[in-house]
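> Dropping a prediction and its sequence here:
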Amino acid sequence: MEANGLGDILRIDEREGIFGEEKSEVLRTADFFILTSRFEGLPMSMLEALCYRLPCVATGGTNMAELLDGYRAGITCDATAEGIAAALKELCEKRAELEEMSRNALRLAKLFDWSAIAGRCHAEYESVAGSCRRDRGRPGRTPDGP
């Protein structure tokens, strides 16, 4: 951090885990969230941070990088010390945009709300079921297949 000029603006918590109310307090008082990973499927820690309206910095090893960019809810970067440092500097330079990024972070988090997921699944099932119902009346088709 010092070598990249970030020592005076960043505080890094190196504890192995933060849980319960202590975690909530850390997320409530943070300005942004950083997730550096070479491979991470669906990072729950980032979803939690987004729920707290925290703009995120993520490396391309998460499947959230494209969504962060698309929703303008944070910054993505290479998984190198230089890439991460550049992203943090960029985020700090965009202080005026943090409020918009915060709103976008919550919008992005809502994609992963169980009610929203259930609604999308239900709509997809309805679409498939409707397609099957329409196919039943076609000649040459039986309920068991073509």
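That came in fine, so what should we check first?
> which regions of the protein lie under the pLDDT threshold?
Within the chain, the stretches with pLDDT under 70 are 1-11, 13, 133-146.
> Strands of that one, residue ranges please.
Applying DSSP state E to the chain gives strands spanning 33-35, 56-59, 74-77.
> Can you get me a residue count around the residue nearest to residue 67 when sequence neighbours are not counted?
Leaving aside its sequence neighbours, residue 67 sits nearest to residue 108 (CB to CB, 6 or more residues apart in numbering; 6.0 Å). In this view, the C-beta of every residue, glycine as well, is placed from N, C-alpha and C. Residues near residue 108, counting by other CB atoms under 10 Å, number 23.
> Could you report the distance from residue 108 to residue 16?
For residue 108, the distance to residue 16 (CB to CB, to the nearest Å) stands at 27 Å.
> next one: residue 98
Residue 98 is 28 Å from residue 16, by CB to CB.
> Pick out whichever of those two has more residues nearby.
The residue with more neighbours, out of residue 98 and residue 16, is residue 98; 17 against 4, by other CB under 10 Å.
> Which residues are in contact with the more buried one?
Residue 98 sits next to 31, 32, 55, 91 when contact means CB atoms under 8 Å, 6 or more residues apart in numbering.
> let's see it at 6 Å
For residue 98, the contact set (CB atoms under 6 Å, 6 or more residues apart in numbering) comprises residue 55.
> which of the strands of the chain sits most buried?
Of all the strands of the chain, strand 56-59 has the most neighbours on average by mean count of other CB atoms under 10 Å, namely a mean of 25.
> centre of the chain versus it, how much separation?
The chain centre lies 9 Å from the centre of strand 56-59; the measure is CA atoms, centre = their mean, to the nearest Å.
> who does it pair up with?
Strand pairing for strand 56-59, using DSSP bridges, gives strand 33-35 (parallel), strand 74-77 (parallel).
> residues in contact with that strand?
For strand 56-59, using CB under 6 Å, 6+ apart, the contacting residues are 33-37, 46, 49, 64-65, 68, 74-76, 79, 87.
> again, 7 Å this time
Strand 56-59 has contacts (CB atoms under 7 Å, 6 or more residues apart in numbering) with 32-37, 46, 49-50, 64-65, 68, 73-79, 87-88, 91, 105.
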